[in-house]
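Asker: predicted structure and sequence below. I'll ask about it afterward.
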Amino acid sequence: MADPFAVTNQAPPLRGVNFFTRDVPLGDALRPYAELAGDPGLTRIGELAGSEEARAHALPANQNPPVLRTHDRYGNRIDEVEFHPSWHWLMEQAVGFGLQAAPWTSDRPAPHLRRAAGFYLWSQVEPGHGCPISMSYAAVPALRADEQLAAEWVPRLASTEYDVRRLPAAAKGGVLAGMGMTEKQGGSDVRANLTTATPAGDVYQLDGHKWFCSAPQVDVFLVLAQAPDGLSCFVVPRVLADGNRNPFALQRLKDKLGNRSNASSEVEFHGTIGYRLGDEGAGVRTIIEMVAATRLDCVLGSSALQRRALVEAIWHTRHRSAFGGLLADKPAMQNVLTDLAIESEAATALAMRLAAAVDDQRAAAFRRIGLPLAKFWVCKRTPFMVAEALECLGGNGYVEESGLPLLYRESPLNSIWEGSGNVNALDVLRALQKPESLEAWLLEVGTVQGADARLDTAVEGVLQALADHHAAEAGARRLAAQMALCLQASLLIRHSTPEVADAFVASRLAGDWGGVFGTLPRTTPFERILERTIG
């Protein structure tokens, strides 16, 4: 007699899959800039990312969010945040892999590209803990505005030792960094900041608040405050050199839609010690280096979410039967999966191109235009893409155990963090005020001029839109989207297969698409594209 409680027609757990060696589109995206096939470090990250051990830590870190402890039992302010052990495990691996600031001190070839690939792979495990990793990476270029402060902090940030002890930085094996820019009354308009910085000898005393202070448990923060000569940037350590705690009053942790494993806080400063970074009045110019680096990680993180959601959808449909056969073999499902695969590959290709540009000192103009373009488009597309991947699992995807709700809640974050969609679209317009930015974009897409008439037509459309100065701001989003799509198309034409490039251009640029995933042209070679998605 058959067992009435036997479980059938369910996908097995996704484990034992090396996220690096099985990601053919990632390999194609890396190959033009560095030979990283079989790289031991990336292979190790990919192996651990796809392991049962990593999956076992991802959900608990989100199911047990951080807890704020403002005072000890005696009434002393301690302003500490407690995390679940799984959070610390995830952080220890990320720091050990050197995903925070190690590339800035590395003498290996293409260090930022290597780190980008590693961050992309490891973010597929659990995206929330990527926040302090990303900010520690991004703090370094801003810190270089002051040689003395850079010499003090950069080697510690680059350390691969995860050290959570609350000690002066000099006594720790490694440190992590955070950021405090936005305030209640201003948000993205940081020039409306009211926090003051009063000179006090060699230091400044900060008084005020920050509405969003990410990762308040870390060791040092870059903070904007109003000095006598204007908005300035300051390095604010949590513990001073003499061992005393810097006044850093955590008011509460944010109750967020997603990113639950990570702590985001409101903080108040009362005579808090800060060290000026850069000139007084040059705060935005100084911290913009940190913003640019975190924007890159927004693109990488969103690409990682897309990839993990895609892999889960393909894995499920290849093991789930319905209507007389495997879901993955049904033409309608093949169209959906192929469309998702193309979206993911285009995002990955653009993310890795931008990471390679960090390694290239000659690519500053391309980074200036490419980062806000990619930040706007890739991050904006991710919620739609993850939602469609979740739907491929049906009801199974709507339960927490599947991991898809975690990805879905996280998916809007990168579009908000470091400038919302409008901010980045307008930043594209600001970049275009400098001729070298447009020249860099044209040079990039022009490498395949003549290879596809549909792309050539789209590029001409961008140039015509730029000629209409009166409608520039109102049309900023349309322009940014079109420019980003042209960049992605040019990369796929150069570095992917003809089938992928043709399907992307036909749907995203030539209009042969229904506006939702799964509406690619019927002539698309679905099976050939899907075969390469998970090698």
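Answerer: Yes, it's here. Just so we're clear, the structure is a prediction, and the values are computed from it rather than from any experiment.

Asker: all contacts plus neighbour counts: C-alpha atoms, from now on.
Answerer: Fine.

Asker: how many other residues sit next to the closest residue to residue 220 other than its chain neighbours?
Answerer: In space, not counting the residues next to it along the chain, residue 220 is nearest to residue 237; the distance is 4.2 Å by CA to CA, 6 or more residues apart in numbering. Neighbours of residue 237 under the rule other CA atoms under 10 Å: 24.

Asker: just checking, residue 22 is part of a strand?
Answerer: No. Residue 22 is assigned coil when assessed by DSSP: H, G, I helix; E, B strand; the rest coil, not a strand.

Asker: let me see the contact set for the residue nearest to residue 220.
Answerer: 219, 220, 221, 246, 273, 274 (CA atoms under 8 Å, 6 or more residues apart in numbering).

Asker: give me the neighbour count for the nearest residue to residue 329 once chain neighbours are set aside.
Answerer: Leaving out its chain neighbours, the residue that sits closest to residue 329 by CA to CA, 6+ apart is residue 318, at 7.8 Å. Residue 318 sits with 15 neighbouring residues when counted by other CA under 10 Å.

Asker: name the element residue 318 belongs to?
Answerer: Residue 318 is located in helix 283-319, with elements delineated by DSSP states H and E.

Asker: and if you look at residue 179?
Answerer: When elements are defined using DSSP H and E, residue 179 is found to belong to strand 177-180.

Asker: so how far is residue 259 from the residue nearest to residue 220?
Answerer: 24 Å (CA to CA, to the nearest Å).

Asker: and the strands in this structure?
Answerer: Read by DSSP state E, the chain holds these strands, from start to end of the chain: 67-71, 77-82, 177-180, 196-200, 203-214, 220-227, 230-237, 249-253, 264-277, 321-322, 325-326.

Asker: need these in TSV with distance to residue 21, can you?
Answerer: Compiled in TSV, the strands of the chain are given as follows (distance: least, CA to CA, whole Å):
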stretch	distance to residue 21
strand 67-71	37
strand 77-82	36
strand 177-180	31
strand 196-200	50
strand 203-214	33
strand 220-227	36
strand 230-237	40
strand 249-253	38
strand 264-277	34
strand 321-322	28
strand 325-326	25
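
Asker: figure out which of these is closest to residue 483.
Answerer: Taking CA to CA as the measure, the strands of the chain were each checked against residue 483, and strand 177-180 came out nearest at 30.1 Å.

Asker: contacts for that closest one next, please.
Answerer: Residues from elsewhere that reach strand 177-180, judged by CA under 8 Å, 6+ apart: 132, 135-136, 139, 157, 210, 212-216, 218-224.

Asker: filter the contacts of residue 237 to the buried ones?
Answerer: 219, 220, 221, 246, 273, 274 (16 or more other CA atoms under 10 Å).

Asker: which one of those residues sits closest to residue 352?
Answerer: Among the buried ones among the contacts of residue 237, residue 221 lies closest to residue 352 (CA to CA), at 27.6 Å.

Asker: surely that closest one touches residue 235?
Answerer: Yes. With contact defined as CA atoms under 8 Å, residue 221 counts as touching residue 235 (5.8 Å).

Asker: quick revisit: mean pLDDT lowest for which of the strands of the chain?
Answerer: Mean pLDDT is lowest for strand 321-322 among the strands of the chain, at a mean of 90.

Asker: paired strands for that strand, with orientation please.
Answerer: strand 325-326 (antiparallel) (DSSP bridges).

Asker: list of residues touching the strand it pairs with?
Answerer: Residues external to strand 325-326 that are found in contact with it (CA under 8 Å, 6+ apart): 317, 318, 319, 320.

Asker: show me how far that strand is from its chain's centre.
Answerer: The offset between the C-alpha centroid of strand 325-326 and the centroid of the whole chain comes to 36 Å, using CA atoms, centre = their mean, to the nearest Å.

Asker: please apply the same query to stretch 243-257.
Answerer: Mean C-alpha position of stretch 243-257 versus that of the full chain (CA atoms, centre = their mean) differs by 24 Å.

Asker: and what of stretch 189-196?
Answerer: Distance of stretch 189-196 from its chain centroid, counting by CA atoms, centre = their mean, is 26 Å.

Asker: show me what contacts the residue nearest the centre of the chain?
Answerer: Centre of the chain computed as the mean C-alpha position; nearest residue by CA atoms, centre = their mean is residue 298, 2.5 Å away. Each residue near residue 298 by CA under 8 Å, 6+ apart is listed here: 375, 379, 414, 415, 417.

Asker: neighbours around the second one, how many?
Answerer: Read it as residue 379. 30.

Asker: equivalent analysis for the fourth one, please.
Answerer: Residue crowding around residue 415 was assessed by other CA under 10 Å; the count is 25.
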